[in-house]
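1. could you look at this predicted model? Sequence included:
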Amino acid sequence: MEPRRKHSTSLHTCHPCRRTTLYRIYAVVHTCGIIALMYHHAHSLVTRRSSTLITSLLLLSDIILAFLWATTTSLRLNPVHRTEYPERYESKPENFPKLDVFICTADPYKEPPLMVANTALSVLTYDYPADKISVYVSDDGGSSLTLFALMEAAKFSKHWLPYCKKNNVQDRSPEVYFSSNSHPKDEETQNLKGMYEDMKKRVEHVVDCGKVDSQSIKSIQFPEVFDLWDHKFTLNDHPTITKVLQSNETEIMPNLIYVSREKSKVSSHHFKAGALNTLLRVSSVMTNSPIILTLDCDMYSNDPTTPVRALCYLSDPKINSGLGFVQFPQKFQGINKNDIYASELKRPFDINTIGYDGLMGPIYMGTGCFFNRRVFYGPPSKPEIDELGPNWIADKSIKAQDVLALAHNVAGCNYELNTNWGSKIGFRYGSLVEDYYTGFMLHCEGWRSVFCSPKRAAFYGISPKSLVDVVGQQKRWSIGLLEVALCKYSPISYGFKSLGLFMSLGYCYYAFWPLCSIPLTVYGLLPQLAILFEVSIFPKASDPWFWLYIFLFFGSYTQDLFDFSLEGSTYRKWWNDQRMWMIRGLSSFLFGLLEFTLKTLNLSTYGFNVTSKANDDDKQRKRYEQEIFEFGPSSSMFLPMATVAIMNLLAFVWGIYGIFTREEGPIIELMLASFAVVNCLPIYEAMVLRKDNGKLPKKVSFLAGILTFVLIVLGYFLFK
Ligand SMILES: O=c1ccn([C@@H]2O[C@H](COP(=O)(O)OP(=O)(O)O[C@H]3O[C@H](CO)[C@@H](O)[C@H](O)[C@H]3O)[C@@H](O)[C@H]2O)c(=O)[nH]1
Ligand SMILES: [Mn+2]
């Protein structure tokens, strides 16, 4: 009896995956295969079976692939699934912990203010005591349009919140609720819908005008704030603006606070990490809630019970003393049926995450994450600082003069000079992937985390819908990851000491991700050139080593497919994902590696290029729905993949021809070329058959042709 009773009161459970034993056995077998392969390479190098340059390139590629394989494998050793039981969380409303929600936005044109307002509304209406929630919006775009939209959101929330609670609405983003057809058609709903439509019109009107005009100002509560946007105000140079748009002191509503931190051209603002640290300080002065939720402005809440789910872990005395954060997966709305751009990011956001969860816990993914505020102030045992520290009791009115003055002061751009912000406290600076880096440093300090992935998605975001945007986004990630890989806190050295072998290898999975561009380039060009010059660089079918290659190749791909299907994906999605791996390898990762190297040599700089969430091109949207690749507008990022596509086609044709004319053809080489050709079908189509705006620009195809020719000439010297 006893254990069962205990079971039924616990707030969460954890189940290891059934595949674990099989995966561990396979890991040992595959490792032996890799060792044999390394021996084979070493042997060829010593006996000089083919040119040293070729063998070295293959060896280098295989070392990188083997290392990346080891990193994925460490995440396959102990995958776990968790379930939490929010219905068992029993607490009086007055005992719920306070919750601060941070929403980041940075550009009113790439991130439409109406979307930001909807995100805010979806969390303002959480199933949670309203007076315990404070929503802080950081606007790095310093935009009066965003502020206006939030003022409208505050007004609307006074009707929206009671309506949602009364009718137990599940979709609490009004845009989602009113655009679906499932809402009731009664009078109350119709009135509210009308109100929302009016608000939408007003917000879209100011966005169209590009400013809050005198007509619009009349409809709002604090017209005087807009005077701050005078002629001196620019995106990179403006004073702090903090405005309490709604407060729980005057009504039983959540607090809503707008913050646009001070910007100046002479001081570095550290992109999103800087924005989050500003919110950490401002919220610390105003409410200092023990729990913090970070959200990107495109990630609206899809489930009002989410905070209670997070509390199932954060409030459990058995685990909460070292628990740093509870991460929810990133899910996206509007992805096409077979997910041609692998936008679901199934491997990073699901498959790997359950692997981390069985070790020390998932990495921080930048959004949809509930933190214990305490983690931002040093390791669990270290003494704390008090003024802005986690134990400060913020019991004054958030509208009190001194509170506002202090909040204003800590949002200033010089506030962090000579402090530990960004290095030892807060979100960490120095990488374009501040989320990955911050989570890593927290794990190194000894904090743990938990992955919470309920059936009904907790949040929905927007993912880029054209290939340029997808590869551009991942180029930024690649640069950020390399910054971590090569800093003094690299997961491979510092991480190994603090986290142990498997968790640090798990972190290396991302840090060294961009390196896969090297083997992909080698395997995409070298065997193909070998076919063209009728040389073989891999063992022939009669050689026993041939079977080792076959085993390693099919073994890795099969396991990858297994991972996908066991986590509920389809065969087609997996196929598209592996294709995108190659595309990213020849674009995002390659260019990321290049830009990072140039930056390290002080030859160029880079910044945080915000991904666009707006999409007004109907034709493009249609093509996306029909799963047609979008290659426009012209970008040099497509050049390597177009070159590889042409080269493989040539090699494929030549190789097939060779089968009939030569004795023992180069089977592995030809297999690689055929595999690449099948993967490249959409590229050939975009090069020659398509006429629409998403086709591969002529310029890119032409340059790729020239590049292929140059490579063949170089190949001549290499192989003859
Ligand atoms: O100077 C900046 C730049 C960006 N942002 C915000 O950062 C968020 C993420 O930017 P986005 O362009 O959407 O980047 P993604 O690549 O889609 O974001 C992923 O990768 C980022 C790190 O590169 C993480 O911060 C995100 O949480 C994660 O979803 C957005 O809310 C932006 O408003 C700022 O607040 N200030
Ligand atoms: Mn985003």
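-> Noted; the coordinates are in hand. Ligands and ions are numbered 1, 2, ... in the order given.
2. give me the distance from stretch 605-625 to the chain's centre.
-> 16 Å (Cα atoms, centre = their mean, to the nearest Å).
3. which outside residues touch that stretch?
-> The contact list for stretch 605-625 (Cβ atoms under 8 Å, 6 or more residues apart in numbering) reads 106-107, 109-112, 115, 271-272, 298, 336, 432, 462, 464-466, 469, 472-473, 476, 479, 595, 599, 630, 692-694. No exception for glycine: its C-beta is placed from N, CA and C like everyone else's.
4. what's in contact with stretch 222-240?
-> In contact with stretch 222-240 (Cβ under 8 Å, 6+ apart) are residues 141-142, 144, 147-148, 151, 211-212, 217, 241, 243, 245, 259-265, 408, 411-412.
5. list the buried residues in it.
-> V225, F226, L228, W229, H238, P239, T240 (16 or more other Cβ atoms under 10 Å).
6. cool, stretch 14-25 as well?
-> Applying 16+ other Cβ under 10 Å to stretch 14-25 flags C17, Y23 as buried.
7. use 646 as the first number for this chain going forward.
-> Shifting the count to begin at 646 puts that one at stretch 659-670.
8. neighbouring contacts of it?
-> So stretch 659-670 is in contact with 721-728, 999, 1003, 1204, 1207, 1211, going by Cβ under 8 Å, 6+ apart.
9. just the C-alphas of that stretch, formatted as PDB.
-> Only the C-alpha atoms of stretch 659-670 are listed here, as PDB (Å, rounded to 0.1, in the frame of the first residue of the first chain):
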ATOM      1  CA  CYS A 659      10.400  10.100 -14.500                       C
ATOM      2  CA  HIS A 660      10.600   7.000 -16.800                       C
ATOM      3  CA  PRO A 661      13.800   5.800 -18.600                       C
ATOM      4  CA  CYS A 662      13.200   5.000 -22.300                       C
ATOM      5  CA  ARG A 663      13.000   1.400 -23.300                       C
ATOM      6  CA  ARG A 664      15.500   1.800 -26.100                       C
ATOM      7  CA  THR A 665      18.400   2.500 -23.600                       C
ATOM      8  CA  THR A 666      20.000  -1.000 -23.400                       C
ATOM      9  CA  LEU A 667      19.900  -1.600 -27.100                       C
ATOM     10  CA  TYR A 668      21.400   1.800 -27.700                       C
ATOM     11  CA  ARG A 669      24.200   1.200 -25.300                       C
ATOM     12  CA  ILE A 670      25.100  -2.200 -26.900                       C
END
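10. what residues does the chain have near ligand 1?
-> Neighbours of ligand 1 within the chain, by Cβ under 6 Å from any ligand atom: 749-751, 756, 783, 785, 916-917, 920, 941-942, 1011-1012, 1077-1080, 1118, 1121-1122, 1125, 1253, 1255-1256.
11. returning to what we had before: return the subset of the contacts of stretch 1250-1270 lying in helices.
-> M760, F916, K917, D1114, G1117, Q1118, R1121, I1124, E1240, K1244 (DSSP state H).
12. what is the burial count for the fifth one?
-> As a burial measure, G1117 scores 19 neighbours (other Cβ atoms under 10 Å).
13. wait, doesn't it sit right on M1282?
-> Yes: here G1117 reaches M1282: they are 7.3 Å apart, a contact under Cβ atoms under 8 Å.
14. overlap of the contact sets of the two?
-> S1233.
15. what's the helix or strand for D1047?
-> helix 1046-1055 (DSSP states H and E).
16. list the contacts of that helix.
-> 885, 887, 889, 904, 923, 926-927, 929-931, 1033, 1041-1043, 1060.
17. pull out the buried positions in that helix.
-> V1048, L1049, L1051, A1052, H1053, V1055.
18. so where's the stretch 646-795 of the chain shaky on pLDDT?
-> Within the stretch 646-795 of the chain, the ranges that satisfy pLDDT under 70 run 646-653, 694.
19. all strands of it, in order?
-> 657-661, 725-729, 744-750, 778-784 (DSSP state E, counting those that start in this stretch).
20. leaving out chain neighbours, which residue sits closest to whatever residue of the chain ends up closest to ligand 1?
-> Nearest to ligand 1 in the chain, going by Cβ to the nearest ligand atom, is G1011, at a distance of 2.0 Å. Spatial nearest neighbour of G1011, excluding adjacent residues (Cβ to Cβ, 6 or more residues apart in numbering): D1080 at 3.4 Å.
21. now for the one you found: which residues touch it?
-> I1008, Y1009, M1010, G1011, T1012.
22. distance of it relative to F1178?
-> Going from D1080 to F1178 by Cβ to Cβ, to the nearest Å gives 47 Å.
23. now L1363
-> 8 Å.
24. rewinding a little: want to throw the contacts of D1080 into JSON lines with pLDDT and neighbour count?
-> Formatted as JSON lines, the contacts of D1080 follow (pLDDT from 0 to 100; neighbours: other Cβ atoms under 10 Å):
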{"residue": "I1008", "pLDDT": "98", "neighbour count": "28"}
{"residue": "Y1009", "pLDDT": "98", "neighbour count": "26"}
{"residue": "M1010", "pLDDT": "97", "neighbour count": "22"}
{"residue": "G1011", "pLDDT": "97", "neighbour count": "23"}
{"residue": "T1012", "pLDDT": "97", "neighbour count": "21"}
